[in-house]
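> Here is my input, please return the structure:
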Amino acid sequence: MVVNMKKIFLVDDNEDHALLIKRCVEDDHTSTVHFSDGLQVLKACEALNGENAKPDLVLLDLQLPGMNGFEVLMKLKQMKWLEQVPVVMLTTSRRREEIEKAYQLGAAGFVVKSEDFEELKAKLKQVKDYWFRAVELPSAQSAENARRS
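Presented below is the predicted three-dimensional model:
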C-alpha cells in the first residue's frame with residue numbers, strides 16, 4: 001500500500017511552540033515546513049507550482065509579527081491554488097470574537113494550544129486524523145471546474 005506523504009505548513013513565531021508542534025505532527029507520513037511569520041509563508045505559497053508543492057494543511061498562529069494571522073488567512077484564501085487547503089488556526093487565544101472572525105474569514109478550524117504536551121499532542125492527532133483520514137477534499141482542478149459551471 002502506497003501512502004502519500006502529507007505536508008503541513010506551520011506558521012508560528014514562537015520557536016519553542018513550533019518545535020513542540022512539529023514533534024506532535026511529524027511522522028513517517030507527515031512532514032512540516034515551518035515559517036516564523038506571515039510574509040514568509042505567503043512568499044512560499046506564491047512561489048508554489050503544481051499540486052505536489054502545495055501543503056495539505058496549514059496550521060496558523062494568530063499572533064504573528066508584522067502581519068497577524070487574520071491577515072495571513074485572508075491572503076491565503078485569495079490564492080486560487082490554495083482554496084481547498086484547510087487552514088486551522090492554532091493559537092493560545094480563547095477570545096470568542098477571534099474565534100468568530102477566524103471562521104468568517106475562512107478558517108477550517110480553531111484549536112487552542114494546550115500548555116500540556118500530551119493534550120496538545122492529542123488535539124493535533126485529532127486534527128491530522130480528520131483532515132488526512134476522515135474527509136475527502138476536492139482537488140484544485142475539480143474546484144475550478146465547479147466554479148465555471
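
> ok, the residue positioned nearest the centre of the chain - contacts?
The residue at the geometric middle of the chain, judged as the C-alpha nearest the mean C-alpha position with Cα atoms, centre = their mean, is Val58 (1.3 Å). For Val58, the contacting residues are Ile8, Phe9, Leu10, Val11, Val41, Leu76, Val85, Pro86, Val87, Val88, by Cβ atoms under 8 Å, 6 or more residues apart in numbering. For glycine as for every other residue, the C-beta is placed from the backbone atoms N, C-alpha and C.

> For the nearest residue to the fifth one once chain neighbours are set aside, name its beta-bridge partners.
In space, and not counting its chain neighbours, Val41 is closest to Phe35: 4.0 Å by Cβ to Cβ, 6 or more residues apart in numbering. With DSSP bridges applied, Phe35 shows beta-bridge pairing to Val11.

> about what we covered before: before we move on, which element is the residue nearest to the centre of the chain in?
Assignment of secondary structure by DSSP states H and E places Val58 within strand 57-60.

> So Lys125 versus Met79, what's the distance?
Remark: distance between Lys125 and Met79 (Cβ to Cβ, to the nearest Å) = 28 Å.

> How about Leu59?
Leu59 sits at a distance of 17 Å from Met79 (criterion: Cβ to Cβ).

> Going by neighbour count, list what's buried in stretch 95-103.
Buried residues in stretch 95-103, counting neighbours by 16 or more other Cβ atoms under 10 Å, are found at Glu98, Ile99, Lys101, Ala102.

> could you dump that stretch to PDB, C-alpha only?
Output for stretch 95-103, consisting of C-alpha atoms alone and laid out as PDB, is shown next (Å, rounded to 0.1, in the frame of the first residue of the first chain):
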ATOM      1  CA  ARG A  95     -11.500  35.000  22.800                       C
ATOM      2  CA  ARG A  96     -14.900  34.400  21.300                       C
ATOM      3  CA  GLU A  97     -14.600  37.400  18.900                       C
ATOM      4  CA  GLU A  98     -11.300  36.000  17.500                       C
ATOM      5  CA  ILE A  99     -12.800  32.500  17.000                       C
ATOM      6  CA  GLU A 100     -15.800  34.000  15.200                       C
ATOM      7  CA  LYS A 101     -13.600  36.200  13.000                       C
ATOM      8  CA  ALA A 102     -11.400  33.300  12.000                       C
ATOM      9  CA  TYR A 103     -14.400  31.200  10.800                       C
END
